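Chemist: here is the input, now give the coordinates:
(2 chains)
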Amino acid sequence: MKNQFIAGLKAGLSIAIGYFPIALTFGLLAKTTGLSLMEATAMSIFVYAGAAQYISLNLISFGVDPVTIVINTFIVNIRHFLMTASLNEKMHRAPKWVKAIYSFGITDESFSVLATGKEDKIPTAYAFGVTIIAYGSWVIFTAAGHVVGANLPEFLQVAMSIALYAMFIGLLVPAMKANRKVVMLAALAAAIHCIIYIGELLSTGWAILISTLGSAILIEIIYARRGKNVTALQKEMEES
Amino acid sequence: MGPTYWWMLFGMALVTYIPRMVPLTFLDGKELPPIVSGVLSNIPYAVLGALIFPAIIFVQEGNILFGIIGAATAFLIAFLGGGVMPVVLGTIGVLAIYSFFM
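Modeler: Residues are numbered from 1 along each chain as shown, chains lettered A, B, ... in the order given. I've put the predicted structure just below:
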């Protein structure tokens, strides 16, 4: 169990690195928006949602009313219903209250790391390892950003903005090489998202939700049909 | 910011936590129809596609080349069999060199 926890910390390290520049910048932006150190850090501690936090700063600076900000946060985070429903199929059984604890740490990034693991069932200790290191990075570097600002050399700060996307690619490609269905799933979701983006049809939260769900359903239908066709063909051959 | 801020924070925390917690606890141990669990098992790979594109291209505002170089580097290292960490650090390295000289 201890080993699983450490393996989780290791797997989550790439998330922690990726959160570093984003949290640092968030802390800095929060300060310029007028939030105190405690207010900014508390948002990272209790809300813990990168995109939603950035958007809220923007809305706060425009003087948007708090209820609208909360509703907006919900809309941005609805996609996590889909992710945790999917993750639930892969997780080891555990008491509900234990799952309720680590579910707090499920973000786009920790979900991706957990759900693309090769194991059939993900141990609970592993999930805690992944989520704790990512969460720690987010909270600590939010505070650091507020206190010392984003004091990295500019070129490095810029380069690090790619980190989370590079991580997503690092998680996706091995699965793509092993399985053509994965290629189709990712490509179709990316294509749908690009169309939504170019057409300016939906905000990012909805766009990710719709393109993910659309691709997952369409590809499943295609494969289920193929499966049926193959069995139907086999039956015909047996009969003749 | 005052007490309003803390009420807002409470609301934000709640609406962020619910979509994370409810499926993991309430669906626990429930047997889903095969087509539904099939779709759910597709989600991770579909979500990765949707998270990467188009956002990676526009990661630096006004500099599409930056995103394209980053995406190409990451895909290349990953395709050559580098693990997640080499992909992340290698891509940061290449882009650090690029933005240092540009």
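Chemist: ok, residue A:83 touching residue A:109?
Modeler: No. Using Cβ atoms under 8 Å as the test, residue A:83 is too far from residue A:109 to be in contact (10.7 Å). Quick note: C-beta positions are derived from backbone N, CA and C, even for glycine.
Chemist: show me which of those two is the more surrounded one.
Modeler: residue A:83 (28 against 25; other Cβ atoms under 10 Å in any protein chain shown).
Chemist: how about the helix or strand hosting that one and chain B, touching?
Modeler: Counting by DSSP states H and E, the element that carries residue A:83 is helix A:79-88. Yes. Using Cβ under 8 Å from any Cβ of the partner chain, helix A:79-88 comes into contact with chain B via A:79-88.
Chemist: quick check: pLDDT value at the closest residue to residue A:66 other than its chain neighbours.
Modeler: In space, and not counting its chain neighbours, residue A:66 is closest to residue B:8: 3.8 Å by Cβ to Cβ, 6 or more residues apart in numbering or on different chains. Note on residue B:8: pLDDT of 96.
Chemist: what stretches of chain A score poorly on pLDDT?
Modeler: Applying pLDDT under 70 to chain A flags the ranges A:150, A:228-240.
Chemist: what's the domain layout of it?
Modeler: A:2-167, A:179-240 (automatic domain parsing).
Chemist: thinking again about what came up before, quick one: buried residues of the helix holding residue A:83?
Modeler: A:79-80, A:82-88 (16 or more other Cβ atoms under 10 Å in any protein chain shown).
Chemist: again, but for stretch B:54-74
Modeler: So for stretch B:54-74, counting by 16+ other Cβ under 10 Å, buried means B:54-57, B:59-60, B:66-67, B:69-71, B:73-74.
Chemist: sorry, back to before: can you tell me which of the residues of helix A:79-88 next to chain B is nearest residue A:141?
Modeler: Residue A:141 has its nearest neighbour among the residues of helix A:79-88 next to chain B in residue A:80, at 21.9 Å by Cβ to Cβ.
Chemist: near chain A too, which of the buried residues of stretch B:54-74?
Modeler: Residues of the buried residues of stretch B:54-74 in contact with chain A (Cβ under 8 Å from any Cβ): B:54-56, B:59-60, B:66-67, B:70-71, B:73-74.
Chemist: farthest pair within the residues you listed?
Modeler: By the measure Cβ to Cβ, B:54 and B:73 form the most distant pair in those, at 17.5 Å.
Chemist: still on that earlier bit, CA atoms only: put the helix or strand encompassing the residue nearest to residue A:66 into CSV for me.
Modeler: Here residue B:8, judged by DSSP H and E, is contained in helix B:3-26. Taking Å, rounded to 0.1, in the frame of the first residue of the first chain, the C-alpha atoms of helix B:3-26 are listed here in CSV:
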residue,chain,number,x,y,z
PRO,B,3,-17.5,38.3,3.8
THR,B,4,-19.1,38.2,0.4
TYR,B,5,-15.9,36.8,-1.0
TRP,B,6,-15.9,33.9,1.5
TRP,B,7,-19.5,33.0,0.7
MET,B,8,-18.6,33.0,-3.0
LEU,B,9,-15.7,30.8,-2.2
PHE,B,10,-17.9,28.4,-0.4
GLY,B,11,-20.3,28.3,-3.4
MET,B,12,-17.4,27.7,-5.8
ALA,B,13,-16.0,25.0,-3.7
LEU,B,14,-19.4,23.2,-3.4
VAL,B,15,-20.2,23.3,-7.2
THR,B,16,-16.6,22.1,-8.0
TYR,B,17,-16.7,19.2,-5.5
ILE,B,18,-20.1,17.9,-6.4
PRO,B,19,-19.3,16.8,-10.0
ARG,B,20,-16.2,15.1,-8.7
MET,B,21,-17.7,13.4,-5.7
VAL,B,22,-21.2,12.3,-6.7
PRO,B,23,-20.3,9.8,-9.5
LEU,B,24,-17.5,8.2,-7.6
THR,B,25,-19.5,7.5,-4.5
PHE,B,26,-23.1,7.1,-5.8
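Chemist: quick check: buried residues in that helix?
Modeler: Using 16+ other Cβ under 10 Å as the test for burial, helix B:3-26 gives B:5, B:8-9, B:11-13, B:15-25.
Chemist: give me the distance from it to the chain's centre.
Modeler: Distance, stretch centre to chain centre, for helix B:3-26: 20 Å (Cα atoms, centre = their mean, to the nearest Å).
Chemist: could you list every helix and strand in contact with it?
Modeler: helix A:37-46, helix A:50-61, helix A:66-77, helix A:79-88, helix A:96-102 (3 or more Cβ pairs under 8 Å, 6 or more residues apart in numbering or on different chains; DSSP states H and E).
Chemist: what about 6 Å?
Modeler: Applying 3 or more Cβ pairs under 6 Å, 6 or more residues apart in numbering or on different chains; DSSP states H and E, we find helix B:3-26 packed against helix A:37-46, helix A:66-77, helix A:79-88, helix A:96-102.
Chemist: point out the most buried one among those helices.
Modeler: Ranked by mean neighbour count, these are led by helix A:79-88 with a mean of 23 (mean count of other Cβ atoms under 10 Å in any protein chain shown).
Chemist: quick check: angle from that helix to helix B:3-26?
Modeler: 30 degrees (axes from the mean of the first three to the mean of the last three Cα atoms, to 10 degrees).
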